[in-house]
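Undergrad: Have a look; sequence and predicted model below, questions after that.
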Amino acid sequence: MTAAHPVPERVRQVGQRALVTGAVGIALCLVGLFMNPVEALRSYLLAFLFWGGVPVGCLSLLLIQNLTGGRWGLVMRRVLEAGTRTLPFVALGFLPIVIGVSRIYEWADAARAAADPVLAHKAAYLNPAFFAVRAVLYFAIWNALAHFLSAWSLRLDAGPDRRLERRLRGISGGGLVLLGLTITFSSIDWGMSLDPHWASTIYGILFMVGQVLAAFTVAIVVIGALGDEEPFRRVLRRDTTHDFGKLLFAFVMLWAYVHLSQFLIIWSANLPEEIPFYLRRTRHGWLYVAWIVIAVHFVAPFLALLSRGLKRNLQRLATVAAVVFVARCVDVFWLVAPSLDRPELSVHWTDLAALVGLGGLWIGLFARELAGRSLVPLNQPELDLEMEHA
């Protein structure tokens with residue numbers, strides 16, 4: 001029987017410092033809200049799309065792991081579950097966007113919507129009331145899935161239970177379908193509708209893959225930071241670390257494939273209602289950001305992860321994961337910011353304040369949830385055997 005190990009004190013210390021940092025960032029956002037409410041709300045949306053996607057990505061990985069199995073998922077499970085348990089607070093963090101919807105989205109301005117034939121045609125879907133209702137539905141589904149996955153997983157710590165394992169697989173199958181639909185529609189509502197005259201059927205997949213990649217890199221960084229602590233010190237093997245590296249390589253490749261697919265389809269079609277999306281993102285300084293994303297998000301990780309030795313070295317792999325996580329932030333900025341009335345590349349101080357504020361709060365809440373349970377599932381035969389051998 002696996003014994004629970006106390007969570008290292010540094011987890012709580014990092015969480016407390018992050019909460020303080022986040023509070024300072026949010027205070028600066030409030031200052032920016034009084035100085036320039038439109039810019040502050042847009043900056044808040046950018047930060048929310050990045051940080052709010054991490055727990056949703058954790059949820060996606062948990063559903064995938066429950067269906068497919070794999071030792072990598074057992075080692076990482078408690079970290080991912082801690083991420084999903086921050087979703088109630090993420091839902092509360094969406095309230096400023098609902099309140100300030102008319103200052104962020106063009107279609108939420110009744111006068112502009114009535115004067116634009118395209119917006120008038122889409123008004124049945126793109127209107128503030130229905131926007132809020134859909135957001136409630138998304139968060140209700142995500143929180144319900146996160147609650148049952150976490151609760152049933154905790155009950156398995158008492159020992160193997162075939163009935164609970166079947167429940168987890170059952171909810172994961174249907175949950176993946178619901179998650180695919182809700183992530184697609186939420187990305188359309190919160191990101192793509194910033195430019196209501198443009199549409200892409202791949203846009204939701206861009207966010208879906210990006211969220212999974214962000215969550216996976218967070219999990220690798222956390223495990224890398226705690227790899228010398230119990231119980232990770234005994235359950236982590238080179239083969240498991242190698243699995244982490246291979247999956248990270250696969251997700252990086254998938255991200256590049258999806259982005260390239262959208263680019264090739266839109267660029268080759270050369271339609272006037274589609275091509276402006278890339279024209280805005282390759283002019284007036286934005287092209288430099290695009291090259292940075294390509295280099296840091298794909299080329300550098302791709303070349304690094306070709307090394308088998310790196311994929312089997314947890315610390316080096318965690319470094320690559322941290323770089324990809326930062327690149328995820330830049331990618332979201334490049335994907336969304338040009339649609340926020342920024343024809344030229346510009347970074348406002350409220351962008352950084354919101355990013356630090358929401359990031360600090362999320363990390364603090366994540367650390368608190370991580371410290372509330374054992375770092376690995378208890379009484380799992382595969383992990384028990386490994387700990388006994390160790």
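TA: Now that the structure is in, tell me what you want to look at.
Undergrad: How many neighbouring residues does Gly69 have?
TA: Using other C-beta atoms under 10 Å, the number of residues around Gly69 comes to 11. (Each C-beta comes from the backbone N, C-alpha and C, glycine too.)
Undergrad: Torsion angles phi and psi at it?
TA: Taking degrees, to the nearest 10, you get phi 80, psi -170 for the backbone angles of Gly69.
Undergrad: mind checking pLDDT for Leu383?
TA: Note for Leu383: predicted pLDDT of 61.
Undergrad: same thing with Ala3?
TA: pLDDT at Ala3 comes out at 51.
Undergrad: What segments of the stretch 251-390 of the chain are helices?
TA: Using DSSP state H, counting those that start in this stretch, the helices of the stretch 251-390 of the chain run over 276-280, 286-293, 300-305, 308-311, 314-336, 349-370, 381-389.
Undergrad: out of the ones you listed, nearest to Val252?
TA: Nearest of the helices of the stretch 251-390 of the chain to Val252, taken as C-beta to C-beta: helix 300-305 at 4.9 Å.
Undergrad: Give the buried residues for that closest one.
TA: Ala300, Pro301, Ala304, Leu305 (16 or more other C-beta atoms under 10 Å).
Undergrad: contacting residues for the second one?
TA: By that I understand Pro301. By C-beta atoms under 8 Å, 6 or more residues apart in numbering, Pro301 lies in contact with Leu248, Phe249, Val252, Val320, Val323, Val324, Ala327.
Undergrad: of those, closest to Ile205?
TA: Nearest member of the contacts of Pro301 to Ile205, counting by C-beta to C-beta, is Val252, at 15.1 Å.
Undergrad: excluding its backbone neighbours, what's nearest that closest one?
TA: Leaving aside its chain neighbours, Val252 sits nearest to Pro301 (4.9 Å; criterion: C-beta to C-beta, 6 or more residues apart in numbering).
Undergrad: just Val90 next, same as before
TA: Gly52 (5.0 Å).
Undergrad: Tell me how far Gly174 lies from Leu63.
TA: 9 Å (C-beta to C-beta, to the nearest Å).
Undergrad: And Gly204, by the same measure?
TA: For Gly204, the distance to Leu63 - C-beta to C-beta - is 17 Å.
Undergrad: show me where the stretch 51-200 of the chain has helices.
TA: 53-68, 71-84, 87-93, 95-99, 101-104, 110-115, 117-121, 128-155, 162-190.
Undergrad: Check which helices and strands the fourth one is in contact with.
TA: This means helix 95-99. helix 37-51, helix 128-155 (3 or more C-beta pairs under 8 Å, 6 or more residues apart in numbering; DSSP states H and E).
Undergrad: looking at those, which is buried most?
TA: helix 37-51 (a mean of 22; mean count of other C-beta atoms under 10 Å).
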